[in-house]
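Colleague: structure of the sequence below:
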Amino acid sequence: VSLDLIRDRYEGRDWLIRAMKDLCANTTLAVGITAVTPELPRALKVLETVKAVAPGLKTMIGGTHVSYEDEEAAASQAVDAVVRFEGEFTARDLMRRWAEGAGIDDVDGITFADGNQIIRAKPRTLCDLKKLPPPAYHLMDTEMRAKVHVTPTFTRGCPYSCSYCVEADFWSRRVRHRSVKIFVDELEYIAEDLGWRFIHIADSTFGINRAETEALCDELERRRLNAVFSVNIRPNACSYIGKSLLRRLRALNFIEFYVGIESISEGLLKELNRSQEVRELDRTLVFLKEIGVPFVKLYLVIGLPGDTHETLQYTLNRVRHYVENGLAFYATGKFFTPVPGTIEAKNHATSNRVLTWDWAEFERYSFPPVVEHATLSPYEIECYLMLLQAQQLGAYRRRLGIDAGERGRIKSWVAENYHQAVYL
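Modeller: Have a look, this model is predicted:
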């Protein structure tokens, strides 16, 4: 169930109470919810409402945030159990115990309150992804099918350990793959039954295992799905995926590649446990243009620990070069935020530079950023984010040969080109 969609069905400030009454009237056992860090206060509010309107129902919460801040969540009277890390089998076991009226002490991977004591069960062993069935999309109602676009994943895990990212710790550094057949079955269902022709495959580092990626290509070639695909890659994709496999992916309608670059400063990134070279990035971007990838997008983080005026100016100048020379369609930037589970969060745990511990403010677009930077003011950081957008607007304007006052024409050009190529 999507609360975003449900919200549209109700009017008034008490919409959540009325929505939960309606949902819980058809629920017999439990309500589960997932949340990333800035969503936690809202998620707990939802579960508090569930307990108020249907006190007999059990509640559980999962996601990256509560996997690390589990005791805080478990202490809430609205939460019967916190599901830590991978949730499929943990949630299944919880539901079975609750359905039987049995205790949950022996369920691995959970944290829960027993009176005034917080109990943290032992971690659950990582599951074999190849044995997982496809998601139960058939349970989505008509409205959700029409309005919500899901992002399937082929893998879990990341072999890298960047200090600002939680992926490797949450999923482990061992990259696990789902069954190729089951995954392509899912893609086919999304494209044909749900009618979503643009599919973003949300692996944090797509293509890290060449053999598995080749097997995926084999199956996609056999089925010839009527869909286009989008993936996340690293700047050195020409090395770890390889040119021949990238060319093959392009032939199979992989038309959008998100490249996580964070910064162009190699020295800065090295301090954050990220190994990245400008020459590798340049090589990848040039090759993606050569094979006709229409949409290459760059991810940046603005205001990283160690950022200076020089590192940010250097990064933005390189991005402008990429956009103006057709090597990137656009770049997007977000503020640095030390979310729980990352090395940077541990580094900042006792720091007086964290301006607030209100989790709702740990949003990468919130201003001011939640961490006071050592050398840059919040306004300077925001200005660099605005400059990133302004540079790209200038590049689009020059490409179209129009002056700065014709913003509507630029917006129309971007929208029309993007829609035609990506959304068919």
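Colleague: what about the strands in the stretch 301-424 of the chain?
Modeller: Secondary structure of the stretch 301-424 of the chain (DSSP state E, counting those that start in this stretch): strands located at 330-335.
Colleague: low-confidence stretches in it?
Modeller: Scanning the stretch 301-424 of the chain for pLDDT under 70 picks out 404-408, 410, 413-414, 417-424.
Colleague: can you check the stretch 1-150 of the chain too?
Modeller: In the stretch 1-150 of the chain, no residues with pLDDT under 70.
Colleague: what strand or helix carries residue 216?
Modeller: Residue 216 is part of helix 210-223 when elements are defined by DSSP states H and E.
Colleague: also residue 244?
Modeller: Going by DSSP H and E, residue 244 is in helix 243-251.
Colleague: hey, C-alpha coordinates of the helix holding residue 216 in CSV?
Modeller: Coordinates of each C-alpha in helix 210-223 appear next as CSV, following Å, rounded to 0.1, in the frame of the first residue of the first chain:
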residue,chain,number,x,y,z
ARG,A,210,30.5,-10.0,-15.9
ALA,A,211,29.4,-13.6,-16.1
GLU,A,212,26.0,-12.8,-14.4
THR,A,213,25.5,-9.7,-16.6
GLU,A,214,26.3,-11.7,-19.7
ALA,A,215,23.7,-14.3,-18.6
LEU,A,216,21.2,-11.5,-18.1
CYS,A,217,21.9,-10.2,-21.6
ASP,A,218,21.4,-13.7,-23.0
GLU,A,219,17.9,-13.9,-21.5
LEU,A,220,17.0,-10.4,-22.5
GLU,A,221,18.1,-11.2,-26.1
ARG,A,222,15.9,-14.3,-26.1
ARG,A,223,12.8,-12.6,-24.8
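Colleague: centre of the chain to that helix, how far?
Modeller: When distances are taken as CA atoms, centre = their mean, to the nearest Å, helix 210-223 is centred 24 Å away from the chain's centroid.
Colleague: got the buried residues for that helix?
Modeller: 212-213, 215-217, 219-220 (16 or more other CB atoms under 10 Å). Every residue, glycine included, has its C-beta placed from N, CA and C.
Colleague: quick one, what contacts the spatially closest residue to residue 131 that is not a sequence neighbour?
Modeller: Closest residue in space to residue 131, ignoring its immediate chain neighbours: residue 179 at 7.9 Å, by CB to CB, 6 or more residues apart in numbering. Shown in contact with residue 179 (CB atoms under 8 Å, 6 or more residues apart in numbering): 129-132.
Colleague: direction-wise, compare the helix or strand just after the helix holding residue 244 with helix 243-251 and give the angle.
Modeller: Using DSSP H and E, the helix or strand that directly follows helix 243-251 along the chain is strand 254-262. On the basis of axes from the mean of the first three to the mean of the last three CA atoms, to 10 degrees, strand 254-262 is oriented at 120 degrees to helix 243-251.
Colleague: distance from the chain centre to strand 254-262, please.
Modeller: Per CA atoms, centre = their mean, the centroid offset for strand 254-262 relative to its chain is 13 Å.
Colleague: CA atoms of it as PDB?
Modeller: C-alpha atoms of strand 254-262 as PDB (Å, rounded to 0.1, in the frame of the first residue of the first chain):
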ATOM      1  CA  PHE A 254      19.800   0.100 -21.900                       C
ATOM      2  CA  ILE A 255      19.500   3.900 -22.700                       C
ATOM      3  CA  GLU A 256      20.100   5.600 -19.300                       C
ATOM      4  CA  PHE A 257      23.200   5.300 -17.200                       C
ATOM      5  CA  TYR A 258      23.500   7.000 -13.800                       C
ATOM      6  CA  VAL A 259      27.200   7.500 -12.900                       C
ATOM      7  CA  GLY A 260      27.900   8.100  -9.300                       C
ATOM      8  CA  ILE A 261      30.900  10.500  -9.300                       C
ATOM      9  CA  GLU A 262      30.300  12.400  -6.000                       C
END
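Colleague: hang on, residue 111 in a strand?
Modeller: Yes: secondary structure of residue 111 (DSSP: H, G, I helix; E, B strand; the rest coil): part of a strand.
Colleague: next up, the contacts around it.
Modeller: Residues near residue 111 by CB under 8 Å, 6+ apart: 70-71, 73-74, 81-82, 84, 118-121.
Colleague: closest one to residue 288 out of the residues you listed, please.
Modeller: Nearest to residue 288 among the contacts of residue 111 is residue 84, at 37.9 Å by CB to CB.
Colleague: just give me the neighbour total for the closest one.
Modeller: 25 (other CB atoms under 10 Å).
Colleague: right, and it touches residue 70 too?
Modeller: Yes: applying CB atoms under 8 Å, one finds residue 84 in contact with residue 70, separated by 5.7 Å.
Colleague: so where do the helices sit in the stretch 201-350 of the chain?
Modeller: 210-223, 237-240, 243-251, 266-271, 278-290, 309-324, 343-348 (DSSP state H, counting those that start in this stretch).
Colleague: if I read this right, residue 171 contacts residue 159, doesn't it?
Modeller: No: if you go by CB under 8 Å, residue 171 and residue 159 don't touch, sitting 10.7 Å apart.
Colleague: between the two, point out the one with more neighbours.
Modeller: residue 171 (20 against 13).
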